[in-house]
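> with the input below, show me the fold.
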Amino acid sequence: MTRALGIVRAAKLLMQSQCPVCGADRTETIGGARSPIAICVYRCTAEFEVDGNGEIIPMNVCPSASYGAAARLNREARADALRQAGGA
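The predicted model follows:
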């Protein structure tokens, strides 16, 4: 089942023409039909692969989620600073 599952996961990954996080276009793929090997590279610099255990994993994470998290932290810190200053 592991090899069969790896093949299905590789096919699933290769079907992703856009980054599953931010939607950026795919720029490169490695892998083919009925192969448990797949790597997809996206314009946002994210890279996903099917590893040796047949799992889809990120090789390079999409920065979109990190920028979103940083923006949220900045908003929370601003609100904290305003509260501490007695402004809110």
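
> can you map out the helices along the chain?
Taking DSSP state H, the helices of the chain run over residues 2-14, 63-84.

> single out the most deeply packed of those.
The highest mean neighbour count among the helices of the chain, using mean count of other CB atoms under 10 Å, belongs to helix 2-14: a mean of 16. C-betas here are computed from N, CA, C, even on glycine.

> Gln18 contacts Arg26, doesn't it?
Yes - contact criterion CB atoms under 8 Å: Gln18 and Arg26 qualify, at 6.5 Å.

> for the helices of the chain, give me CSV that also has mean pLDDT.
Shown next, in CSV, are the helices of the chain (pLDDT from 0 to 100):
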stretch, mean pLDDT
helix 2-14, 93
helix 63-84, 90
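
> which residues touch stretch 19-30?
14, 16-18, 37-44, 46, 48, 61-62, 64-65 (CB atoms under 8 Å, 6 or more residues apart in numbering).
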